[in-house]
Structure formats: C-alpha cells, structure tokens
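>>> sequence unavailable; structure follows:
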C-alpha cells in the first residue's frame, strides 16, 4: 500500500485528527493546571510531595434501639454513623483536589471524563482510637471534638489557636471571650510541632457553622495562601450569613 493511500484513508485521517485533538486537549489542560494555581493548591495544603490528604468526618455512635428508619419506625441498627450534612461535603473536597480538564466533556466515550486527579483523597469517619489517626498525610478534620477524635487530637497535640469550650457549645480563640453564636465557626491550619504534620480544622458548634467553614476553606484557599505562606498556622473566625453556608463575614483572624 502506498503512503498516499494510507494518508488518504478516511479511517486513518479520523484517528490522526482525534490524536491531535487529544494532544491539544492535554496540553491545554496542563496550561490550565498552572494558570489556575494548581501548584499553589498543592503547596498550600502541604501535599506537593505526598499527593495525599485524609478527610476525617464526625463519627456518631448510635446505641441499639436509638436509630429511626426512613419510615420513622425505630430500628435495631447500632454502630457508627456520619451526619448527613457532612456527607454532603464529600463532593466539595473531591472537587477541590480533582477537576475535569476543560473541553474534555466534548470528547467521545470515556475520554470525556479526563481528570486531573493526582491527589489521593481519603475520606472516612474519624476513628474512635486516636492511634488509628493518620500521622503522616495532611488531614482535614470536620466538626467538633465531641464527635471527631481527629479534631480532639488537633486541639491537644497541634499548634491550634482556637478550640471548643463549654462542652463543645462555644468557640474560644486563645484567651478571648468564648463565642456562643451557633452560626459562627473557625477555619484553622495547625501544625504538629513534633512531626511537622499539617492539619486543617473546620468546625462550628452547629451544622451551619461547620458547613460554612468547609465552604470557606474550599473557596478562599487562594487568598489564605497569600496571607499565610508555607505551612504557617492561622485561624479565621467566621459568622455564616446564609442558610446554605456559602456566605459569611470574617469576624477576626489570627
């Protein structure tokens, strides 16, 4: 077969055109990777080298007979459970570290699901045993120490500015007066001085505060990375002003 016959073959031309389109798409994705600050994201969360982050959600212990089914009838389930509002935050963290290459949705078949997914995001209910908490990877812990042992560890072993007081009903930044508004929350980056492990701690005394703190971290990390470079610890105290948790006012920073 002559070269001219191969070049003139419609099937060959389609394969070459798809290959060129895919190559341009990948190059565009890489350009988008750098222009959108992907490298800054990895640095801010201290995962540039490890490419791993562990998200710990609250772990509720349901005693036998206390669970109610979808039909509102008491059921016999007993064991661990995660609050539904925190389950709804899982896609937020997954999208934060993994995103679709622009233009991939127009490709045929499985190519439309091309992702930048170089970070291993592990999401789990916080273990009851503190010894089972990851001591190496960056962690994001959600909710108060009342239901999250990872949050308890951050408050006790890390350089943490704010903590829960009054039986987890209020927040306190160092020696300042306790904040009792249930719409308030904090976003912290804390560092274990012994190991160098970095933790991000988002929580409030009510679900609206915790939800808002998670949204703040996911949406405002670029500004935070400028104000707090490297692994410098920080704490931002918020008051959530919308029912969906997406709007807020900053009360103070440390």
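Ah, there it is. Because the structure is a prediction, the values reported are computed rather than measured. Residues are numbered from 1 along each chain as shown.
>>> if you average pLDDT over stretch 71-87, what comes out?
Mean pLDDT, computed over stretch 71-87, is 90.
>>> now it: how far from the chain's centre is it?
Centroid separation for stretch 71-87 versus its chain: 23 Å, with C-alpha atoms, centre = their mean, to the nearest Å.
>>> ends of it, what's the gap?
End-to-end distance for stretch 71-87, by C-alpha to C-alpha, to the nearest Å: 21 Å.
>>> and the contacts of it?
For stretch 71-87, contacts defined as C-beta atoms under 8 Å, 6 or more residues apart in numbering pick out 57-69, 125, 128, 142-143, 147, 207, 210-211. Every C-beta, even on glycine, is put in place using the N, C-alpha and C of the backbone.
>>> helices - which of these land there?
Residues from these lying in helices, with DSSP state H as the criterion: 207, 210, 211.
>>> narrow those to those that are buried.
207, 210, 211 (16 or more other C-beta atoms under 10 Å).
>>> so residue 214 sits in a helix?
Yes - assessed with DSSP: H, G, I helix; E, B strand; the rest coil, residue 214 lies in a helix.
>>> wait, what's in contact with it?
Shown in contact with residue 214 (C-beta under 8 Å, 6+ apart): 89, 92, 93, 142, 202, 245.
>>> any idea how far residue 250 lies from residue 187?
According to C-beta to C-beta, to the nearest Å, residue 250 stands 10 Å off from residue 187.
>>> what sits in contact with each of those two?
Residues touching both residue 250 and residue 187 (C-beta under 8 Å, 6+ apart) are 236, 238.
>>> related to what we said a few turns ago, of the contacts of residue 214, grab the buried ones for ChimeraX.
To isolate the buried members of the contacts of residue 214 in ChimeraX, using 16+ other C-beta under 10 Å:
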select :89,93,142,202,245
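>>> tell me which of the contacts of residue 214 fall in helices.
Among those, DSSP H puts 92, 93 in helices.
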